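A.B. asks: My questions concern the predicted model and sequence given below.
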Amino acid sequence: MNLPNKLTLTRILLVPVFMVFVSLTSLSGIADGSFQPTYYLIAGIAFAAASFTDFLDGHLARKWNMVTDFGKFADPLADKLLTTVAFIYMMRDGVCSPVVLCIILAREFAVSGLRMVAAGAKDGKVIAANMWGKVKTVLQMLSIIFYFFGMSIASMSASGTEQGVRQIMVVSISMVLCWLVAAVTAISGIKYLWDNRSFINTAK
């Protein structure tokens, strides 16, 4: 297994690390003082590290001509797993609307289903991600990083009324970003299906 694929697997392994720390506290704890921003900061660092491997594995694969069919499948799978888990926790916190999550999941199921059909076809076609898909992934990752880092910093850098104002600002901006993510995700999914409509029409 080459280095880019190892980095992809590392991203997958960082998902449970992120889950452990983000599960130790929640935004609902702000009301009774049980919210622990340090856990969100560590979760944010784990997520940011995983997101960096997404850039690094793709860069190295292209630079060293190590693009493989495994990488074409595993890389987007790792991205989907990482971002979907994060949005589920953001929905738990009331930051991400269930509608946004449904749009994200619908797009991923549709695209993944098409890829599976393509891989099982007679010629075994592998459909790589398009530019809209990459923009979608980057926007999702940046939105998630902003929320977890922003909430932890806002909660640790101030107290009293000022802390509450900063937390509200982070939550409000994160909500807007989630809806922006939903819009870009929907566009990327429609574009992906449209670009591969010829394969869909000929698939049996």
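C.D. replies: Arrived safely, thanks for sending. Residues are numbered from 1 along each chain as shown.

A.B. asks: SS state for Phe149?
C.D. replies: helix (DSSP: H, G, I helix; E, B strand; the rest coil).

A.B. asks: Skipping adjacent residues, who's closest to it in space?
C.D. replies: Among residues not flanking Phe149 along the chain, Gly44 sits closest, at 4.4 Å (CB to CB, 6 or more residues apart in numbering). In this view, the C-beta of every residue, glycine as well, is placed from N, C-alpha and C.

A.B. asks: Point out where this structure drops to low pLDDT.
C.D. replies: 118-129, 199-204 (pLDDT under 70).

A.B. asks: ok, now which ones touch the spatially most central residue of the chain?
C.D. replies: Nearest to the mean C-alpha position of the chain, by CA atoms, centre = their mean, lies Thr83 at 2.1 Å. Listed by CB atoms under 8 Å, 6 or more residues apart in numbering, the contact set of Thr83 reads 104, 137, 140-141, 144.

A.B. asks: Now render those as a markdown table, adding neighbour count, distance to Ser97 and secondary structure.
C.D. replies: Shown next, in a markdown table, are the contacts of Thr83 (neighbours: other CB atoms under 10 Å; distance: CB to CB, whole Å; DSSP: H, G, I helix; E, B strand; the rest coil):
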| residue | neighbour count | distance to Ser97 | secondary structure |
| --- | --- | --- | --- |
| Ile104 | 24 | 11 | helix |
| Thr137 | 22 | 20 | helix |
| Gln140 | 26 | 14 | helix |
| Met141 | 22 | 19 | helix |
| Ile144 | 28 | 15 | helix |
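
A.B. asks: which two from these end up farthest apart in space?
C.D. replies: Ile104 and Met141 (12.7 Å; CB to CB).

A.B. asks: In this structure the residue nearest to Phe149 contacts Phe148, no?
C.D. replies: Yes - Gly44 is within contact range of Phe148, at 3.5 Å (criterion: CB atoms under 8 Å).

A.B. asks: For this protein, which segments are assigned as helices?
C.D. replies: Secondary structure of the chain, counting by DSSP state H: helices at 3-23, 37-63, 69-92, 98-119, 131-156, 160-195, 197-202.

A.B. asks: Report the distance from the third one to the chain centre.
C.D. replies: Centroid separation between helix 69-92 and its chain, computed with CA atoms, centre = their mean, to the nearest Å, is 5 Å.

A.B. asks: the inter-axis angle of it versus helix 98-119?
C.D. replies: Helix 69-92 runs at 170 degrees relative to helix 98-119, counting by axes from the mean of the first three to the mean of the last three CA atoms, to 10 degrees.

A.B. asks: which of the contacts of Thr83 lies closest to Asp93?
C.D. replies: Ile144 (11.7 Å).

A.B. asks: which residues touch that closest one?
C.D. replies: If you count contacts by CB under 8 Å, 6+ apart, then Ile144 has 47, 83, 86-87, 90 around it.
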